[in-house]
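S.K.: Below: sequence and its predicted model.
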Amino acid sequence: QVQLVESGGGSVQPGGSLTLSCEASGIISSIYTWAWYRQVPGKQRDSVAIISTYGDTHYIDSVKGRFTISTDNAKNTVYLRMDSLKPEDTAVYYCFAKLNTKWGGRYEDYWGQGTQVTVSS
């Protein structure tokens, strides 16, 4: 059973920084894509940052230059470094992984449980 466990959320003042972590545990063969999403009450869950197995990254415009997604493949972990945080970054952040559990197997989607990030003075 694969699980994604997040950590690192919390409260911070505008202009501050936080780093989110998400570790995948269980039997994992390969991770094709990692991503971070966020969701505010009453709205859909939106992609924030994506990193492929090749290291290609993509960010939504509102976080470019402030957020950095990275991975530690040896630890099956993805990070989201968030700098210059703004109140509009307040949301529940979810990690996502598209991975397979055996070589040549079908890739499936997995989600973390979510972690709250609050940016407020």
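M.R.: Received, thanks.
S.K.: So what sits opposite T68 in the bridge?
M.R.: With DSSP bridges as the criterion, the beta-bridge partners of T68 are R81.
S.K.: hang on, it packs against L80?
M.R.: Yes: A contact is recorded between T68 and L80 when judged using CB atoms under 8 Å, the distance being 7.4 Å. C-beta: built from backbone N, CA, C; applies to glycine.
S.K.: so what's A49 up against?
M.R.: For A49, the contacting residues are A35, W36, T57, H58, Y59, I60, V63, F67, T68, I69, L80, by CB atoms under 8 Å, 6 or more residues apart in numbering.
S.K.: nope, Y107 is what I was after
M.R.: Taking CB under 8 Å, 6+ apart, we find Y107 in contact with Y32, K98, L99, N100.
S.K.: roughly how far apart are it and M82?
M.R.: Counting by CB to CB, to the nearest Å, the gap from Y107 to M82 is 27 Å.
S.K.: Kindly confirm my reading that E88 is in a helix.
M.R.: Yes: when the secondary structure is assigned by DSSP: H, G, I helix; E, B strand; the rest coil, E88 falls within a helix.
S.K.: looking at it, it is touching V63, isn't it?
M.R.: No: the pair formed by E88 and V63 falls short of the contact definition of CB under 8 Å, at 10.1 Å.
S.K.: Which one's more surrounded, these two?
M.R.: Set side by side, E88 and V63 show more neighbours around V63, with 21 against 10, by other CB atoms under 10 Å.
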